[in-house]
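*Asks:* Return a 3D structure for these sequence lines:
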Amino acid sequence: MAEVALAAAGVVLSPFLQVFFERMASREFDDFFRGRKLSEKLLRKLKIALLSVNAVLEDAEDRQFMETSVKEWLHELKDTVYDAEDILDEIATRHSRHQLDSEFGTIASKVRHSISAAPFDVNKIEGKIKDVVDRLEDLAKLIGVLGLRAGVGGKILERLPTTSFMEESSICGRDCDKEAIINSLLSNDARGSKGGVVAITGMGGIGKTTLAHLVYNDDRVKEHFQYKVWVCVSDPFDMIMVMKTIIEAVTLSSCDIKDPNQLQNKLKETLTGKKFLLILDDVWDTNPTKWEVLRNAFKLKAQESRVIVTTRNSEVATAMHAVNHDITLLSKDDCWSLFAKYAFHDGNFDADPELEAIGKEIAKKCKGLPLAIKAIGALLVSKLDVDEWKKVLRSELWDLPIEETDILPALRLSYKYLSSPLKRCFAYLCAVAGTQK
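*Replies:* Predicted structure coming up:
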């Protein structure tokens, strides 16, 4: 699972540069440059070069999956930034030693020198900084050549919006989850669904939308609710779009209202007295105010109506006052069953025992993530050649053609919504994983 998650981020430098800028503003860094004309000039050049590459960094991080040249540019930038980090570490160490000498005097100085007699060479440090600046300036010159742009990053690789339709024969291992949620929806006990809302939570690609499909299309659910509405929310949360979609699904006519207040009143009027099931798929926004706008129109408890929300963020479930149903990775047997359905025509793998053996090993590499299993199975169904399957088995998931799988677009959004400290941890794990390859 860690391999799949790291693949979603690729080369991750944004958190490192953020930390780098913070360290450049530190006291020890300022003390080192103060009074040194050459160093002050280098500092200005370093800051300008860093600002140049940082301005296009998000665009580069997004495009690295599609463009080899951009990925190579990022790798060069990563190596340069790491070398710059080493220089900052040397300066910080020198500053700490200086403070130690100031506080404890000669004894501390003798102890320190007995541990490490290597002198601090200012000219050598300046030479290293100049080398970093030269490399950064060379990389900055390539920004125009690569077509990297400022202010256009942060976009998520395109994914098609979900709908309520699903081929149930291609689903494995979710029967228990399905029954638990349906029992909650159909229960007359108000405690069975806190305020009428059930949240299906779990990591990207684990099958939250698939589970929602199973519930939505179940015959018992169809009979119980007068109306069923499916809304793909995704990011950003467009409240106007959500309300219009619900109104249009119930009334079977277009809604041209633009004023939010009028739209909310129309939604309330449309739903009053109706027992409905609403699916809000792929919700990211944790703002409880937006949910209150919908809640005021729903009157869920009074009408025995229900809402199912699918989300990767448990904070969404909290904001929506929902009962949380967290789904887990597929079992080993379910992994293989799902892979066979996608990788072999009609799920029949008996014709080629060698492909079956390789396929089982590939399924293991997916480590229970349905999205990865389906994507790789669909990729191999037209390549019933042993050598091709072995090639996939030996490769990492991120080596597969991005235009032929939906793995990276699905998981990259998870990275976008990490907090800044977690992004730094994630970037560190990426660096560690890269050194261990």
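
*Asks:* low-scoring stretches of the stretch 151-300 of the chain, by residue?
*Replies:* Counting by pLDDT under 70, the ranges of the stretch 151-300 of the chain that qualify are 152-161, 166-169, 188-195, 299-300.

*Asks:* could you redo the last one with a cut-off of 50?
*Replies:* 154-157, 190-192 (pLDDT under 50).

*Asks:* just the strands in it please.
*Replies:* For the stretch 151-300 of the chain, applying DSSP state E, counting those that start in this stretch gives strands covering 197-201, 227-234, 276-283.

*Asks:* export the ones you listed to a markdown table and tack on distance to residue 82 and mean neighbour count?
*Replies:* In this view, the C-beta of every residue, glycine as well, is placed from N, C-alpha and C. Formatted as a markdown table, these follow (distance: least, Cβ to Cβ, whole Å; neighbours: other Cβ atoms under 10 Å):
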| stretch | distance to residue 82 | mean neighbour count |
| --- | --- | --- |
| strand 197-201 | 36 | 24 |
| strand 227-234 | 35 | 20 |
| strand 276-283 | 36 | 23 |
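
*Asks:* out of the ones you listed, which comes closest to residue 125?
*Replies:* Proximity to residue 125, assessed across the strands of the stretch 151-300 of the chain by Cβ to Cβ, is greatest for strand 227-234 (48.5 Å).

*Asks:* so what secondary structure elements neighbour the closest one?
*Replies:* Helices and strands touching strand 227-234, by 3 or more Cβ pairs under 8 Å, 6 or more residues apart in numbering; DSSP states H and E, are helix 239-251, strand 276-283.

*Asks:* is it possible to export those to JSON lines including distance to residue 371?
*Replies:* Shown next, in JSON lines, are those (distance: least, Cβ to Cβ, whole Å):
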{"stretch": "helix 239-251", "distance to residue 371": "25"}
{"stretch": "strand 276-283", "distance to residue 371": "13"}
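
*Asks:* Break this protein into its domains for me.
*Replies:* 2-156+421-435, 168-326, 332-405 (automatic domain parsing).

*Asks:* Need these in a markdown table (columns: distance to residue 162).
*Replies:* Compiled in a markdown table, the domains of the chain are given as follows (distance: least, Cβ to Cβ, whole Å):
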| stretch | distance to residue 162 |
| --- | --- |
| domain 2-156+421-435 | 15 |
| domain 168-326 | 5 |
| domain 332-405 | 13 |
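
*Asks:* Now do the helices in the stretch 201-350 of the chain.
*Replies:* For the stretch 201-350 of the chain, applying DSSP state H, counting those that start in this stretch gives helices covering 208-216, 219-224, 239-251, 260-271, 288-298, 300-303, 314-319, 332-343.

*Asks:* Restrict the very next helix or strand once past the last one to CA atoms and write it as PDB.
*Replies:* Okay, so that is helix 332-343. Heading C-terminal from helix 332-343, the first helix or strand you meet, by DSSP states H and E, is helix 353-365. Extracted in PDB, the C-alpha atoms of helix 353-365 (Å, rounded to 0.1, in the frame of the first residue of the first chain):
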ATOM      1  CA  PRO A 353      -2.000 -22.100 -15.900                       C
ATOM      2  CA  GLU A 354       1.200 -20.000 -16.300                       C
ATOM      3  CA  LEU A 355      -0.800 -16.800 -16.700                       C
ATOM      4  CA  GLU A 356      -2.800 -17.800 -13.700                       C
ATOM      5  CA  ALA A 357       0.300 -18.200 -11.600                       C
ATOM      6  CA  ILE A 358       1.700 -14.800 -12.700                       C
ATOM      7  CA  GLY A 359      -1.700 -13.200 -12.200                       C
ATOM      8  CA  LYS A 360      -1.900 -14.400  -8.600                       C
ATOM      9  CA  GLU A 361       1.500 -12.800  -7.900                       C
ATOM     10  CA  ILE A 362       0.400  -9.500  -9.500                       C
ATOM     11  CA  ALA A 363      -2.800  -9.500  -7.500                       C
ATOM     12  CA  LYS A 364      -0.700  -9.900  -4.300                       C
ATOM     13  CA  LYS A 365       1.300  -6.800  -5.300                       C
END
